[in-house]
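In: Structure for the following, please:
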Amino acid sequence: MPKLKVLIVDDSAFMRRVLKQMLETDPYIEVAGSARDGAEGVEMCASLSPDVVTMDVEMPKMDGLEATRLIMERFPTPILIVSSLTLEGAQATFDALDRGAVDYISKNLVSSAVDVLKIQDELIAKVKAVGHRGKTGRWLRAFRKPDAPVIVNKRYGTQKIGFVAIGASTGGPRAIQEVLSHLPADLDTPFLIAVHMPKAFTGSFAERLDTLCKLPVKEAEHGEIIRTRQVLLSPGGSQTRIKRKGGTNFCVDISDDPHDALYRPSVDISMSSIADCYPGRSLGVILTGMGHDGVEGMKAIKERGGKTIAQDAETSTIFGMPKAVIDAGMADKVLALDKIAAEIVNMI
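Out: Coordinates of the predicted model:
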């Protein structure tokens with residue numbers, strides 16, 4: 001198997017060295033070059049034709065946002081933003097995703113050795129996932145602006161959907177934005193979004209979605225009552241469940257339990273709680289992402305009579321989570337990203 005070629009773009013010599021050392025611990029990755037600013041990064045991307053670019057944001061001469069835009073316009077290449085886990089880092093990261101970056105990785109290396117190893121594992125996994133996906137050329141479809149979805153206002157089944165749960169990971173912010181921005185304002189159904197995202201990012205992401213969507217979007221808060229015509233985003237770093245409160249009301253329950261969960265938030269945990277609260281009336285949607293989080297949650301929804309949708313391979317940035325759901329036989333429908341919003345409305 002040929003090695004994946006990676007171009008590192010960062011104005012910090014320390015970060016360039018650390019990223020190179022991390023990446024080259026994997027025998028199937030080769031650091032083809034390192035650039036000190038965005039302008040040099042664009043030039044080296046043209047000459048080296050890397051499979052993946054890691055891109056810093058704050059750089060002299062040309063920042064990472066402009067470099068990302070130029071690379072995606074001239075020679076589209078999967079780009080991973082190297083982001084600080086801060087409010088400012090979150091805003092810059094989402095701006096870069098809007099310009100065509102695939103996903104992001106943490107640059108917070110001043111932590112424990114265990115955390116550094118986690119960052120290294122995440123970096124290598126994402127580089128390999130988006131790099132191999134990039135070689136197919138099909139990944140670009142996820143970045144093309146689709147036409148507005150066609151809503152036919154048919155009903156799927158006999159029971160009205162009472163809750164929609166959406167899960168995603170790598171490539172998820174763009175996919176979630178695409179789906180939510182095409183939903184009408186008059187949907188009398190609450191939504192909960194669980195996306196693998198650090199605590200510092202989810203509040204900014206919710207605010208960003210709120211400006212782009214017809215339905216109001218906010219980060220979920222512990223104890224708040226579930227209301228129709230609202231989208232809640234699970235906070236990063238914890239688990240979000242829906243629980244019954246009284247006879248007919250439901251509320252948000254946010255906790256650290258279980259402490260050993262691989263994902264925080266976990267799609268499985270959130271979806272399973274929704275399946276329990278809305279038996280036969282829940283709709284689960286799994287979008288792009290690495291791994292298999294969501295399989296158990298979608299299974300819980302189906303076993304209790306709900307409906308499920310998985311994103312297809314062609315439009316998924318990473319076809320890990322949707323594929324796991326499909327292979328387990330838990331997807332009622334497998335759809336391109338630009339068809340999912342319409343199908344949600346049709347099922348509701």
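In: Assumed Ile8 was part of a strand.
Out: Yes. Under DSSP: H, G, I helix; E, B strand; the rest coil, Ile8 sits within a strand.
In: Spatially nearest residue to it (excluding sequence neighbours)?
Out: Nearest non-adjacent residue to Ile8, counting by Cβ to Cβ, 6 or more residues apart in numbering: Ser34, 4.6 Å away. The way it works is simple: take the backbone N, C-alpha and C, and place the C-beta from them, glycine included.
In: Ok, Phe163 next?
Out: Distances taken as Cβ to Cβ, 6+ apart place Tyr278 nearest to Phe163, at 4.5 Å, with adjacent residues excluded.
In: where does the stretch 101-250 of the chain have low pLDDT?
Out: Applying pLDDT under 70 to the stretch 101-250 of the chain flags the ranges 109-115, 134-159.
In: Not counting whichever strand or helix holds the residue nearest to Ile8 itself, show me its contacts.
Out: Applying DSSP states H and E as the criterion places Ser34 in strand 29-35. Under the criterion Cβ atoms under 8 Å, 6 or more residues apart in numbering, residues 3-10, 16, 19-20, 23-24, 41, 43-44, 48, 50, 124, 127-128, 131 lie in contact with strand 29-35.
In: So which of the residues you listed belong to strands?
Out: Here DSSP state E is the test, and the contacts of strand 29-35 give 4-9 as lying in strands.
In: got a winner among the residues you listed for most neighbours?
Out: Val9 (31 neighbours; other Cβ atoms under 10 Å).
In: for it, what are its contacts?
Out: Contacts for Val9 were tallied using Cβ under 8 Å, 6+ apart; they are 34-35, 37-38, 40-41, 44, 53-56, 59, 64, 67.
In: Quick one: list the elements packing against the helix or strand where Asp276 lies.
Out: In this structure, Asp276 is located in helix 267-277 according to DSSP H and E. With contacts taken as 3 or more Cβ pairs under 8 Å, 6 or more residues apart in numbering; DSSP states H and E, helix 267-277 sits against strand 163-168, strand 191-195, strand 239-245, strand 282-286, helix 295-303.
In: Need the CA coordinates for stretch 272-281. CSV is fine.
Out: The C-alpha coordinates for stretch 272-281 follow below in CSV (Å, rounded to 0.1, in the frame of the first residue of the first chain):
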residue,chain,number,x,y,z
SER,A,272,-31.1,5.2,23.3
SER,A,273,-32.7,7.6,25.8
ILE,A,274,-34.8,9.1,23.1
ALA,A,275,-36.0,5.7,22.0
ASP,A,276,-37.1,5.0,25.6
CYS,A,277,-39.0,8.3,25.9
TYR,A,278,-40.6,8.2,22.4
PRO,A,279,-41.2,4.6,21.6
GLY,A,280,-42.5,4.2,18.0
ARG,A,281,-42.2,8.0,17.6
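In: Average pLDDT for that stretch, rounded please.
Out: Stretch 272-281 shows a mean pLDDT of 96.
In: Likewise for stretch 39-54?
Out: 96.
In: check contacts around Arg229.
Out: 185-190, 215-216.
In: mind running it again at 7 Å?
Out: Arg229 makes contacts with 187-188, 215, as judged by Cβ atoms under 7 Å, 6 or more residues apart in numbering.
In: Return the subset of the residues you listed lying in strands.
Out: Per DSSP E, these never map to strands.
In: show me what contacts Thr308?
Out: Applying Cβ under 7 Å, 6+ apart, we find Thr308 in contact with 284, 298, 301-302, 330-332.
In: can we see that at 10 Å?
Out: Thr308 is in contact with 165, 271, 282-286, 294, 297-299, 301-302, 325-326, 330-334, 347, counting by Cβ atoms under 10 Å, 6 or more residues apart in numbering.
In: hey, what's it bridged with?
Out: Beta-bridge pairing of Thr308 under DSSP bridges involves Gly284.
In: So it versus Lys302, what's the distance?
Out: In this structure, Thr308 and Lys302 are 6 Å apart, going by Cβ to Cβ, to the nearest Å.
In: and if you look at Lys243?
Out: From Lys243 over to Lys302 the distance is 21 Å, taken as Cβ to Cβ.
In: of those two, who's got more company?
Out: The neighbour comparison of Lys243 against Lys302 (other Cβ under 10 Å) goes to Lys302, with 20 against 14.
In: what's the angle between the helix holding Asp276 and strand 163-168?
Out: With axes from the mean of the first three to the mean of the last three Cα atoms, to 10 degrees as the basis, helix 267-277 and strand 163-168 are set at 170 degrees to each other.
In: Give me the angle between helix 267-277 and helix 295-303.
Out: Helix 267-277 and helix 295-303 are oriented at 20 degrees to each other (the same axes, to 10 degrees).
In: How far off centre is the host helix or strand of Val334?
Out: Assigned by DSSP H and E, Val334 falls within strand 333-335. Here the centre of strand 333-335 is set off from its chain's centre by 18 Å, with Cα atoms, centre = their mean, to the nearest Å.
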